[in-house]
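Enquirer: Quick one: sequence plus predicted model below, questions after.
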Amino acid sequence: MARRLLGLDSRLWLSRSWTTRAPRPTESGNEYFFVSRDVFEDAIARDFFYEWAEFHENLYGTPRPHPPEGRDVVLEIEVQGARQVRERDAAAVIILLTAPTMALLEARLRGRGDDEEHIARRLESTRREVARGRELADFEVVNDDVERASGEILSILEGLRQSRRIPS
């Protein structure tokens, strides 16, 4: 979804995350910086990350973002990371992107090449994650159709940009 949004709005900048998990068969290697646990833990010790979390036995983290001037930062993160972002920046806008059904989520996980064990763990944790995300998020967008969901997110962003331009 994030890459789709970047293609539709040149004012967005995607921060590329790090992970200790192996690339999926469907990934080209550009989705994350894939690193060892030792390298990741060294980066944590150096306070390199804006947010980081352990999710299903793998570490994920976002380096401190340095976007070009005038660009809005997009982070693709889990709920744990979103909570850290909120703690660091109360003005950050959090959009929770959810699947319309558990069956569709399962199909998407299978379609991206996840193994059965990961799919089972992910489905098990999803209900808790969505509940936590709803407590934290400013907006929720159901990803039932990529075109519709992208449009909804872009509308939210445009509304936020408009409100920043209007003096209170």
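Expert: That came in fine, so what should we check first? Residues are numbered from 1 along each chain as shown.

Enquirer: contacts for the lowest-mean-pLDDT helix or strand in the chain?
Expert: None of the helices or strands of the chain scores lower by mean pLDDT, DSSP states H and E than helix 102-111, at a mean of 82. With CB atoms under 8 Å, 6 or more residues apart in numbering as the test, helix 102-111 has contacts from 26, 99, 118-119, 122-123, 126, 144. For every residue, glycine as well, the C-beta is placed using N, CA and C.

Enquirer: Spatially, and excluding backbone neighbours, which residue is closest to the spatially most central residue of the chain.
Expert: With distances taken as CA atoms, centre = their mean, the residue of the chain nearest its centroid is Glu76 (1.8 Å). If you skip the residues right next to it in sequence, Glu76 has Ala2 as its closest partner in space, 5.0 Å away by CB to CB, 6 or more residues apart in numbering.

Enquirer: buried ones in the helix or strand just after the least confident helix or strand of the chain?
Expert: Sequence-wise, the next helix or strand downstream of helix 102-111 (DSSP states H and E) is helix 116-136. Judged by neighbour count (16 or more other CB atoms under 10 Å), helix 116-136 contains these buried residues: 118-119, 122, 126, 129-130, 132-133.

Enquirer: Arg88 against Tyr50, yeah?
Expert: Yes. With contact defined as CB atoms under 8 Å, Arg88 counts as touching Tyr50 (7.0 Å).

Enquirer: Pick out whichever of the two has more residues nearby.
Expert: Counted by other CB atoms under 10 Å, Arg88 and Tyr50 do not tie: Tyr50 has more neighbours, with 20 against 11.

Enquirer: so the more buried one sits in a strand?
Expert: Yes. Residue state for Tyr50 (DSSP: H, G, I helix; E, B strand; the rest coil) corresponds to a strand.

Enquirer: Can you report how many residues lie near Ala103?
Expert: Neighbour tally, Ala103, other CB under 10 Å: 10.

Enquirer: Let me fix that, I meant to ask about Ile153.
Expert: Neighbour count of Ile153, defined by other CB under 10 Å: 23.

Enquirer: Quick check: nearest residue in space to it, chain neighbours excluded?
Expert: Excluding its sequence neighbours, the residue lying closest to Ile153 (CB to CB, 6+ apart) is Val141, at 5.7 Å.

Enquirer: same deal with Arg16?
Expert: Phe33 (6.3 Å).

Enquirer: For Gly61, see how far away that neighbour is.
Expert: Distance, Phe33 to Gly61, using CB to CB, to the nearest Å: 9 Å.

Enquirer: quick one, helices of this protein?
Expert: Along the chain, the segments classed as helices by DSSP state H run 2-8, 37-45, 79-88, 102-111, 116-136, 146-165.
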